[in-house]
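Participant: Build me a model from this:
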Amino acid sequence: MQIQLKNRGYTEQRSPTLNTVLMIEETLMNINEVITIAELKRKLPKQVMHQTLMKIIDYLDYSGKIIWYEDKILWAFNPDSKLKNRGLKVR
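Facilitator: Numbers count the residues shown, from 1 in each chain. Modelled structure (predicted):
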């Protein structure tokens, strides 16, 4: 099974680096409020191309880490695993 993200019709499809994905995740995680794409761009420590940002937003939405509706984003992922809370060791 292949992950299918939205086809946005961009002529040039770039793949984001892991560092860029992590930078956006960390920024969203620390904001703790609903923001727009434009506000997110302003709050990022480095500039990110719009196509790259949208690909990451699509991925975070697909993976359930964000709630995204009409250009507004909210971080929704809880990194505390239920297994971790029960003291189980996970390999």
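Participant: For the chain, give me the ranges with low pLDDT.
Facilitator: Applying pLDDT under 70 to the chain flags the ranges 1-5, 8-13, 81-91.
Participant: so where do the strands sit in this protein?
Facilitator: Shown for the chain, the strands assigned by DSSP state E span residues 35-36, 66-69, 72-75.
Participant: JSON lines please, covering those and showing mean neighbour count.
Facilitator: (C-beta placed from N, C-alpha, C; glycine too.) Below are these laid out as JSON lines (neighbours: other CB atoms under 10 Å):
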{"stretch": "strand 35-36", "mean neighbour count": "16"}
{"stretch": "strand 66-69", "mean neighbour count": "16"}
{"stretch": "strand 72-75", "mean neighbour count": "17"}
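Participant: out of the ones you listed, which comes closest to residue 53?
Facilitator: Between residue 53 and the strands of the chain, the shortest separation by CB to CB is 10.6 Å, and it involves strand 72-75.
Participant: any idea how far residue 52 lies from residue 80?
Facilitator: From residue 52 across to residue 80, the span is 29 Å (CB to CB, to the nearest Å).
Participant: And the helices in this structure?
Facilitator: According to DSSP state H, the chain carries its helices in the segments 18-31, 37-43, 50-62, 82-85.
Participant: quick one, which of the strands of the chain is nearest to residue 28?
Facilitator: Nearest of those (CB to CB): strand 72-75, 4.3 Å.
Participant: elements contacting the closest one?
Facilitator: In terms of contacts (3 or more CB pairs under 8 Å, 6 or more residues apart in numbering; DSSP states H and E), strand 72-75 is packed against helix 18-31, strand 35-36, strand 66-69.
Participant: Please repeat the previous calculation with a cut-off of 6 Å.
Facilitator: Applying 3 or more CB pairs under 6 Å, 6 or more residues apart in numbering; DSSP states H and E, one finds that strand 72-75 contacts strand 66-69.
Participant: how far is the strand it packs on from where the chain is centred?
Facilitator: 9 Å (CA atoms, centre = their mean, to the nearest Å).
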